[in-house]
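Engineer: Below are the sequence and a predicted model; questions follow.
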Amino acid sequence: KQWYQRRVRGKNVTLSDLSGKYIGLYFSASWCGDCQQYTPELVKIYNVIHANKNWEIIWVTCDHEEKAADKYFKEMPWIRLRWSEKDTRGKSMFKLSKQNYIPAVTMIDLDYNVINPECSNLITLEPQDFPWAKGFL
């Protein structure tokens with residue numbers, strides 16, 4: 001089943017399409033001031049390293065309204081979890097982050113293991129330390 005969606009041309013993506021890539025699950029929302037500040041920084045880092053490091057981000061919205069999520073997603077170059085999956089798969093994914101706040105980024109390795117449940121600060125402070133498993137393994 002295709003449950004991820006890429007912004008570019010609306011191409012659907014499956015988990016098998018992400019094989020061989022590190023995955024960052026990015027939890028944020030349009031109404032969150034900290035997210036609005038963090039997202040442009042994450043976009044800059046993603047644009048520099050995602051192709052060379054085999055890194056993909058899946059955005060998991062915490063928005064309350066689909067229209068707001070769609071508008072906010074236009075600022076992001078990565079893929080997202082479908083709106084229809086946010087209350088099921090999205091909530092399950094957020095539990096992996098072991099956090100109660102957003103923005104949050106959970107890093108997953110090539111074998112789909114969580115290597116850092118919350119590394120949003122590491123990404124911006126130490127982008128050279130990709131995949132940000134430091135202190136977790």
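Structural biologist: Thanks, I have the structure now. Residues are numbered from 1 along each chain as shown.

Engineer: following the one helix or strand in the chain whose mean pLDDT sits lowest, which helix or strand comes up?
Structural biologist: Every helix and strand of the chain was ranked by mean pLDDT, DSSP states H and E. The lowest is strand 4-6, at a mean of 54. Using DSSP states H and E, the next helix or strand after strand 4-6 towards the C-terminus is strand 12-13.

Engineer: Could you list every helix and strand that that following strand packs against?
Structural biologist: Applying 3 or more C-beta pairs under 8 Å, 6 or more residues apart in numbering; DSSP states H and E, one finds that strand 12-13 makes contact with strand 4-6. Any C-beta I mention is one placed from the backbone N, CA and C, and that applies to glycine too.

Engineer: Kindly list the longest helix within the protein.
Structural biologist: Using DSSP state H to define each element, the chain has its longest helix at helix 33-53.

Engineer: Going C-terminal from that helix, what's the next secondary structure element?
Structural biologist: Assigned by DSSP H and E, the successor of helix 33-53 is strand 55-61.

Engineer: List of residues touching that next one?
Structural biologist: 4, 18, 21-29, 42, 46, 49-50, 69, 72-73, 76, 78-81, 83, 86, 90, 93-94, 105, 130-131 (C-beta atoms under 8 Å, 6 or more residues apart in numbering).

Engineer: Where strands are concerned, which of those residues count?
Structural biologist: 4, 22-28, 79-81, 105 (DSSP state E).

Engineer: Which pair of those residues spans the longest distance?
Structural biologist: Taking C-beta to C-beta as the measure, these span a maximum distance of 18.7 Å, between Y22 and S28.

Engineer: Tell me which of the two has more neighbours.
Structural biologist: S28 (25 against 20; other C-beta atoms under 10 Å).

Engineer: Skip the chain neighbours and tell me the closest residue to the more buried one.
Structural biologist: C35 (3.7 Å; C-beta to C-beta, 6 or more residues apart in numbering).

Engineer: Dig out what the one residue sitting closest to the centre of the chain forms beta bridges with.
Structural biologist: For the chain, Y26 is the residue whose C-alpha lies nearest the centre (C-alpha atoms, centre = their mean; 2.6 Å). Counting by DSSP bridges, Y26 is bridged to W59, V105.
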